[in-house]
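S.K.: Show me how the following folds:
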Amino acid sequence: MSGSSQAGGPPSARATAPALVLIAAVADNGVIGQGGGLPWRLKSDLRNFRAITMGKPVVMGRKTYLSIGKPLAGRTNIVVSRNRDFAAPGVMVAPGIEPALAAARGDARRRAADAIAVIGGAELYAHMMGFADRLVITYVHLRPEGDTMFPVIEPALWQEVERREHDPGPDDAAGFTVLVYERRATHLGRNKGGS
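M.R.: So this is what the prediction gives:
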């Protein structure tokens with residue numbers, strides 16, 4: 001991908017750019033992971049995740065990719081890794097967040113995708129929260145032990161625009177609620193993805 005893409009770009013370019021969407025499953029106590037994996041099984045939400053991300057570029061950290069163990073089919077998989085020796089078949093490896101976003105923007109334009117999906121882990125979420133456009137959060141109604149947490153969602157910056165309640169299905173450890181948040185328009189000083 002070309003390195004000429006500027007983060008965010010001018011306001012007119014930003015208006016037509018694909019939305020940057022953070023997608024996460026978060027327990028009621030904020031936990032998103034334990035020992036490099038999910039501390040629950042939610043087959044119903046995996047179907048939801050697939051539907052939301054299909055046909056879009058997905059950006060993830062190396063540990064998240066390793067926990068999944070393979071590229072996600074039907075999506076361009078972009079893995080952020082500072083390890084220059086890291087390579088995996090079927091994925092594009094980017095040495096940092098800016099090159100990953102530049103690659104994802106180019107891929108989204110080619111696919112005519114309306115969004116770039118950021119799917120973890122915690123370090124990527126924390127860095128990108130400041131300039132994401134939307135959050136799609138599955139709140140898992142459990143309080144598991146965990147070593148990885150999702151960043152705090154500040155009500156002053158984020159507005160809930162959609163909510164869907166789900167009872168546990170046959171392969172689900174718990175019920176869950178999917179919430180969609182949009183960045184409040186009054187928050188004009190957000191970081192556009194720069195360092």
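S.K.: quick one, what contacts the spatially most central residue of the chain?
M.R.: Taking Cα atoms, centre = their mean, the centroid of the chain lies closest to residue 118, which sits 2.3 Å from it. Neighbouring residues of residue 118 by Cβ atoms under 8 Å, 6 or more residues apart in numbering: 20-23, 58-60, 124-125, 128, 132. Backbone N, C-alpha and C define where each C-beta goes, glycine included.
S.K.: Put together TSV for those, with distance to residue 149, pLDDT and neighbour count on each row.
M.R.: Formatted as TSV, these follow (distance: Cβ to Cβ, whole Å; pLDDT from 0 to 100; neighbours: other Cβ atoms under 10 Å):
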residue	distance to residue 149	pLDDT	neighbour count
20	21	98	23
21	20	98	21
22	14	98	24
23	16	98	21
58	21	98	27
59	20	98	28
60	17	98	24
124	13	97	21
125	9	98	24
128	15	96	21
132	17	97	21
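S.K.: Can you list phi and psi of the residue nearest to the centre of the chain for me?
M.R.: With angles defined as degrees, to the nearest 10, residue 118 sits at phi -100, psi 120.
S.K.: any idea how far it lies from residue 174?
M.R.: Relative to residue 174, residue 118 is positioned 24 Å away (Cβ to Cβ, to the nearest Å).
S.K.: elements contacting the longest helix anywhere in the chain?
M.R.: Ranked by residue count under DSSP state H, the longest helix found in the chain is helix 97-111. Where contact means 3 or more Cβ pairs under 8 Å, 6 or more residues apart in numbering; DSSP states H and E, helix 97-111 is packed against strand 58-61, strand 77-80, strand 92-94, strand 115-118, helix 122-128.
S.K.: average pLDDT for it?
M.R.: The average pLDDT within helix 97-111 is 97.
S.K.: quick one: buried residues of that helix?
M.R.: 97-105, 107-108 (16 or more other Cβ atoms under 10 Å).
S.K.: Sketch out the low-pLDDT regions of this protein for me.
M.R.: 1-15, 186-195 (pLDDT under 70).
S.K.: hey, where'd the helices end up in the chain?
M.R.: With DSSP H as the criterion, the chain has helices at 11-16, 43-53, 62-68, 97-111, 122-128.
S.K.: Can you get me the centre-to-centre distance for the last one and its chain?
M.R.: It stands for helix 122-128. Mean-position distance between helix 122-128 and its chain equals 9 Å (Cα atoms, centre = their mean, to the nearest Å).
S.K.: OK, contacts around the nearest residue to residue 170 once chain neighbours are set aside?
M.R.: For residue 170, ignoring the flanking residues on the chain, the nearest one in space by Cβ to Cβ, 6 or more residues apart in numbering is residue 43 at 7.9 Å. Shown in contact with residue 43 (Cβ under 8 Å, 6+ apart): 169-172.
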